[in-house]
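Peer 1: got a predicted structure plus its sequence, pasted below:
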Amino acid sequence: MSYLLLLPELLLISLALVIVLLGLMISDRSKNLLGYLSAGGLLASIVFILAIKGEGSFFYDAFVVDPLSQIFKLIFAVVSLLAVIASVTYFKGSRNQDEYYALLLLATVGMMVVASANDLVALFVGFELASMATYVLAGFEKRNPASLEAALKYFVIGSLSSALMLFGMSLVYGITGYTSIPGIIEFFTTNPQAATGAINIVAMLFLVAGFAFKMALVPFHMWAPDTYEGSPTVVSALLAAGSKKMGFVAAFKVLVLALVAMRADIQLAFAVLAVVTMTYGNIVAISQRSIKRMLAYSSIAQAGYISLAFVAITPEMSQMAIGGGILLALGHALMKGGAFIAVAVVGYMVLSDNRNVKNTDDLEHFAGLGKRAPITAFAMLVFLLALAGIPPSAGFIGKFVIFYSITVDAVIQASGWMLFIVIVAILNSALSIYYYARVIRYMYVLPPAGERIKEPTPYVVAIVLALIGTIGIGVYPEPFIQMAMDAAKVLGV
Amino acid sequence: MFSDYAAAIVLLPVLAFVLTLFLGKKLYSGGAPLPIAAIAGSFIISLGIFFEIYPGGVVQQSWPWFANLNIGILIDPLAVVMLLMVSFVSLLIHIYAVGYMAHDPAKPRYFAETSLFTAAMLAVVLSDNILQFFIAWEIVGVCSFLLIGFWYHKPSAAAAAKKAFLVTRVGDVLFLAGIVLLYVNMSELIAGRALTPESGNFILQFKTMFEAIPYIDSGQLTLITLLFFGGAIGKSGQFPLHGWLPDAMEGPTTVSALIHAATMVTAGVYLVARTFPMFVATPDSLVHGIPDSLLVVAIVGGFTALFAATMGLVMNDIKRVLAYSTVSQLGYMMLALGTAGAVIGAKAVGISMFHLISHAFFKALLFLCAGSVIHAVGTNDIREMGGLFGKMKITAITMLIAALALAGIGIPFINIGTAGFFSKDMIIEGAFEYGEITGGWGWVFYGFAILAALLTSIYIFRLWFMTFTGKPRSERRAHESPNIMTLPLMILAVFALFFGFSQSGFYPYLETNFELMGVEIAGHEGEALHPSAIIIMLPVIVGVLGIVISYMIYHRRMLDMSKIVSSENPLYKLLINRYYEPRLSADIIGVKLTHDVAAQSGEFVDRKIIDGLVIDNIISSTLFQVGEVIRKLQTGVVQNYAAITLLGVGLLILLLKIGGM
């Protein structure tokens, strides 16, 4: 097996260690360099992910490289790259930049390990690596009580969920005697009678609960708004756009495979979860004045749309729906990451007006943004429209593929409730326009509260990258659809 | 080698658009050198491609876009001549605009928009599928809207932009409906295995469309082509959607020259030429031997040619005269496709395109000359001009050349003449042959064409004599325009004079166009007709007659026009009020029908019933209340969160139990 395939992860791990060492040696003032170094490393990692073709399995089949793992690694690396570029300005002058970047890179590695995991233990290790690192990142502004509160809540609920997930895994091991995913499937196919036990449902349930925590599905979402709001904005971008997808890739891997084997009927359960999640997210988002909170709820709603991928039943449509889910995950990573960074720009702008403002992400501060920070405002406009699913954008393509596959499936199955779910999802999209449009109105209709500012270059670079991705996928979706479908094929439902 | 860079023809002006928009303010003359360089690049590549593929070659490139659609480039004879014309004329007009717009503070916006326009127009031309064609066509429309309303602080300009956008929209909707209908038909054919495109071919590509022609139901085909033609009517200002084009003269004159004379308005003709095999294939249910859709094209085109020319006679705004002239000449191009198409098949495309291109040269020239005059005297009204010949020699002479070309002056039999002489004569001859073959009512088109030719000559020389001869009728001291403006005039004048001589190469080259795509278009069977000498000479005779009439009335003042030009004369009133079209479209359709009836009743339903009763009372307030209740759940106490998480686990058990049963 070619170890070249592991290059993206190996590079980031060594870079994280190098950064910690470098941090001890260089002066506080030149620590900004570390940001550029991390960005370079992530960029190289992205290039490796895209350039090195091939599939392989490593470490006694615990770690596989296939189209599914690669597209999610791409998502994680891109989001981290956006966050790192934006962090260059956000954490400018901070003494602890070495720890920050090292943790961020390690979190990325953790997510990548989850994407490649083919064994429950490897999966758990990746999950915990990413979680531990992000717990610290969420509380990185240690003088800011909100940040600390965010980190603590995230940690407490995260630990609870990890415990649930680990419990689920131990049950699975107890039933089958395997921790490797193919092993579990094989066990159930050779022992069909074992597949019907009630204990399977409990095991599955704990796994679902563990993943749903990361995915922020209702009712496992409670931590998300508080954490996104309190964390440093760039970390919120990483959490909402990146680490959330870790839950999805884990769910895709374990649930789809294992549930096919166990023949449990999860479609209805996920349909209910999805509908409740999207409706809840959208309704609560309406009454938010804090944009970070609004984005948090919007990302809960988006998680609802993505989980529709689990709803389709016929193999062909199920594969397409999962492909659509992956596409939407990719699109969401770009638009949500971009939107959070735009909020960071507004925060920067507000603080440069007045250092003592508390709620820098209040809707009020977006008034006249089109005049004050035109690039940011325009990009935010595009991100919001994309989140609402307006074509041509990444948000539209993903939603379109998911809704389309479920509709076709509903017709094939002659299933009323599935059709109903699609209708609810579309109505939800319409509902979401309300709170997105409100922000747009503030940005472009209301008069500005101050002078035009100079948008810091790193922010602009990150935002423009996300913008290009968001529109690019919308305008030229074919290669991305292909990637997502290839990835979905790996699951071989 | 050039064909590898075909995409750059469009991408260069796009790049220039972006750069000019953002950096224009800091550069010389609002960033004008950027679009000029980019469009020069497009022209050079187009020229290179022309030499590579001439004769008998095509450039085809295609990339999958999504699903069964593609993005692609098709440069065949039809496209390459258009590419050359559009990039060349656009280049000259951009150079001219450096002088014309010199004093305008919003130059960067102007050059950015014209650059985007040029890119979109070039994209229309080299599209290899109808959907991409439509997208570029819409961008062209948006640019036209932006540029007509360039001086948006003038209410008349803003209104004209709005009118242009709305009226062409009527056509665009029809066009889109045609595309949808075509797509549905073709998908069914492909699903039913009647049509099996080769791998690598996509559904809405022109070549696949032409392959599908024999299989599409003939009624559907007529409907599709007529819907396409609806789009062409809107874009090319044909009756009854012609009203926006004269109003569009509110934009800068360079915009009128570029968009509303040489390029965008010809896109409609280009659309019909592009999809010509479909028009030819429509059934002949109305008149034996004449495809229905071509008949409609001929009727609309022929009528518009005459109808617009009558209004051109009485307009006093120099640009409006030219605008009506454009509408009328576009009518000629449609007429050529409709009549000649029915009798000589694919050759008609060559005839129409030849007039399109020679028209582009002399009409752009007329507009630029008009711009030069307006620049000098500061008014659009020809009644306030006069006696400018001595002061603006270059403008006057180049405009005279353009006017001669428009009037179609030349010497028959020995084939010497202006561009318009060759191109218009062919159209009139085509209409004559059509009359010969169909007989009876078929002569109507020939009558329209000859009468319109007479009127054309009268109105254009009325304009020229009133502007350049006689005594000055205003105080203003006129002067010749700067070199950067007169140079493009002279170059265009050369083309207006000599382009006609390229006809011997032009027709055979374009005739091969559809053969290259594997489409056979049969002409009418029977002997080639040789019209008598008088028929060949008649267009020139009426042209000269028109000049003489104008000379007598407007130069020698041998007739007292005051009796005719008065509000007493009902005919004059009808013409000067443009057949009451503005009143009909703006007041009756726009205000009364759309606003008062449709919009008001829609507003009533929307505001009072939907907003008031349904949204406010039921949906909105419920949602807000629910939102408030849920917000209270988010207590911020982490113990509660943990409890809810565990509750969720319980709920999941329930759900899985239900699902598992």
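Peer 2: Thanks, I have the structure now.
Peer 1: do the longest helix seen in chain A and chain B meet?
Peer 2: Counting residues, the longest helix found in chain A (DSSP state H) is helix A:315-353. No. Judged by Cβ under 8 Å from any Cβ of the partner chain, helix A:315-353 stays clear of chain B, getting no closer than 11.4 Å. Any C-beta I mention is one placed from the backbone N, CA and C, and that applies to glycine too.
Peer 1: then stretch A:365-378?
Peer 2: No. Shown here: stretch A:365-378 not in contact with chain B (Cβ under 8 Å from any Cβ), separated by at least 10.1 Å.
Peer 1: and for stretch A:241-251?
Peer 2: No. Using Cβ under 8 Å from any Cβ, stretch A:241-251 never reaches chain B; the gap is at least 13.2 Å.
Peer 1: tally of neighbours for the nearest residue to residue A:458 once chain neighbours are set aside?
Peer 2: Distances taken as Cβ to Cβ, 6 or more residues apart in numbering or on different chains place residue A:88 nearest to residue A:458, at 4.2 Å, with adjacent residues excluded. Per other Cβ atoms under 10 Å in any protein chain shown, the neighbour tally for residue A:88 reads 24.
Peer 1: quick one: residues contacting residue A:88.
Peer 2: Each residue near residue A:88 by Cβ atoms under 8 Å, 6 or more residues apart in numbering or on different chains is listed here: A:32, A:35-36, A:39, A:458.
Peer 1: and residue B:605, how many neighbours?
Peer 2: Residues lying near residue B:605 (other Cβ under 10 Å) number 11.
Peer 1: and if you look at residue A:174?
Peer 2: Burial measure for residue A:174: 10 neighbouring residues, criterion other Cβ under 10 Å.
Peer 1: host element of it?
Peer 2: helix A:145-176 (DSSP states H and E).
Peer 1: can you name every helix or strand that the helix or strand following that helix contacts?
Peer 2: Next helix or strand after helix A:145-176 toward the C-terminus (DSSP H and E): helix A:181-190. Helix A:181-190 is packed against helix A:145-176, helix A:257-262, with contacts defined by 3 or more Cβ pairs under 8 Å, 6 or more residues apart in numbering or on different chains; DSSP states H and E.
Peer 1: tell me the mean pLDDT over stretch A:411-422?
Peer 2: Regarding stretch A:411-422, the rounded mean pLDDT is 85.
Peer 1: and that stretch, how far out from the chain middle?
Peer 2: 28 Å (Cα atoms, centre = their mean, to the nearest Å).
Peer 1: go ahead and name everything in contact with it.
Peer 2: A:268, A:271, A:274-275, A:308, A:311, A:313-314, A:317, A:403, A:406-407, A:409-410.
Peer 1: mind redoing it with 7 Å?
Peer 2: Under the criterion Cβ atoms under 7 Å, 6 or more residues apart in numbering or on different chains, residues A:271, A:275, A:311, A:313-314, A:317, A:403, A:406-407, A:409-410 lie in contact with stretch A:411-422.
Peer 1: what is the end-to-end distance of that stretch?
Peer 2: 12 Å (Cα to Cα, to the nearest Å).
Peer 1: and chain B, which residues reach chain A?
Peer 2: Within chain B, the residues that sit near chain A (Cβ under 7 Å from any Cβ of the partner chain) are B:64-66, B:623-624, B:626-628, B:630-631, B:634, B:636, B:638, B:641-642, B:644-645, B:647-649, B:652-653, B:655-656, B:658-660.
Peer 1: so which of these are in helices?
Peer 2: Mapping the residues of chain B next to chain A onto helices (DSSP H) picks out B:623-624, B:626-628, B:630-631, B:638, B:641-642, B:644-645, B:647-649, B:652-653, B:655-656, B:658-660.
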